[in-house]
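1. just coords:
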Ligand SMILES: Cc1ncc(COP(=O)(O)O)c(C=O)c1O
């Protein structure tokens, strides 16, 4: 709805229908649909961009807390975390997310502080590293950390991190979910009412809200997600096979299959 203010007599606060930064009715159907797709018991939260959602999610790290993050996370997420660490707001530990033992070692090191947040991105953009979400999430919880999983590259049709134990799921809605390259949006989803209230308050106060027209476009795009995911997976499988047998390709990364050495063997470059 293209309106910044609403007539009403109810309370005015996070999520209330009174002012366009608190809520917008056009966000609701997308937030409800994404929540259901991710297997959450609560609606998602739409943001102005994927990075606005990253900023909100990182705000869950307490001052001076420890953040464990994939060394091949999406570059913007990594830059944000690095800059927060450089300012002394948190301690950043980067790890190869596909190396489960290495991540476990960083979550609860014998000679260091346990992590406050485990950031997962699986597969990572662009290196396509795949994390064992269930095992890492269990270990993170045992260490007392909250787990955020960037599910942008998988989509909820391939993987639902909340059902694997993650506390919060993140999307750059800009990508698969909206699917038409006509909007920049982000989203967070959680089934934890306390976490959702904290994130909603952060969105309200920091102002990273979605425009209603973009929200409407994203919902339109979401309706074709299943068709697009199916086709892109089929195309990727064909490409992976073609590249695997190409004489000039040494190796390929394709998370749909175990690591594939090219049939022609790795080549020196
Ligand atoms: C995995 C992943 N997470 C987050 C982002 C950030 O999203 P946005 O560009 O919508 O701010 C991107 C963008 O490329 C991404 O690929």
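-> Yes, it's here. The shown structure was predicted, so the numbers you read here are calculated from the model rather than taken from an experiment.

2. which residues of the stretch 51-200 of the chain lie near the ligand?
-> Residues of the stretch 51-200 of the chain found near the ligand (CB under 6 Å from any ligand atom) are 51, 74, 76-77, 121, 125, 150, 152-153, 172, 174-175, 184, 186. From N, CA and C alone the C-beta is placed, and that goes for glycine too.

3. how many residues are close by whichever residue of the stretch 1-150 of the chain sits closest to the ligand?
-> Ranked by CB to the nearest ligand atom, the top residue of the stretch 1-150 of the chain for proximity to the ligand is residue 50, at 2.1 Å. Neighbours of residue 50 under the rule other CB atoms under 10 Å: 23.

4. so that it lines up with my notes, have the first residue be 41 from now on.
-> Done: numbering now begins at 41, and the last item shifts to residue 90.

5. got a list of what it touches?
-> 114, 116, 192, 210, 211, 212, 213, 214, 215, 224, 225, 226 (CB atoms under 8 Å, 6 or more residues apart in numbering).

6. tell me the secondary structure for the second one?
-> Residue 116 falls in the helix class when you classify it by DSSP: H, G, I helix; E, B strand; the rest coil.

7. surely it meets residue 95?
-> No. Residue 116 lies out of contact with residue 95 (CB atoms under 8 Å); the separation is 10.0 Å.

8. the two: who's more crowded?
-> Comparing residue 116 with residue 95 by other CB under 10 Å, the one with more neighbours is residue 95, at 21 against 15.

9. now the more buried one: phi and psi?
-> The phi/psi pair for residue 95 (degrees, to the nearest 10) reads phi -60, psi -40.

10. and what of the one 5 residues further on?
-> For residue 100, the backbone dihedrals are phi -80, psi -20 (criterion: degrees, to the nearest 10).

11. and the nearest residue to it once chain neighbours are set aside, what does it touch?
-> In this structure, residue 100 finds its nearest non-sequential neighbour in residue 186, 5.6 Å apart by CB to CB, 6 or more residues apart in numbering. Applying CB under 8 Å, 6+ apart to residue 186 gives the contacts 100, 156, 157, 158, 180, 207, 208, 235.

12. same thing but at 7 Å, please
-> By CB atoms under 7 Å, 6 or more residues apart in numbering, the residues touching residue 186 are 100, 157, 207.

13. now, of the residues you listed, which are buried?
-> By neighbour count, with 16 or more other CB atoms under 10 Å, the contacts of residue 186 hold 100, 157, 207 as buried.

14. redo the residues you listed as TSV? Include pLDDT.
-> Below are these laid out as TSV (pLDDT from 0 to 100):
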residue	pLDDT
100	98
157	98
207	99
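
15. so which of the residues you listed is the closest to residue 289?
-> Nearest to residue 289 out of those is residue 157 (CB to CB; 37.4 Å).

16. and the residue nearest to residue 100, bridged to which residues?
-> Beta-bridge partners of residue 186, counted by DSSP bridges, are residue 157.

17. Three-state assignment for the closest residue to residue 292 other than its chain neighbours, please.
-> Computed as CB to CB, 6+ apart, the closest residue to residue 292 that is not its neighbour in sequence is residue 283, at 5.0 Å. Reduced to three states with three-state DSSP, the structure at residue 283 is helix.

18. surely residue 283 touches residue 293?
-> No. Judged on CB atoms under 7 Å, residue 283 makes no contact with residue 293 at a distance of 9.9 Å.
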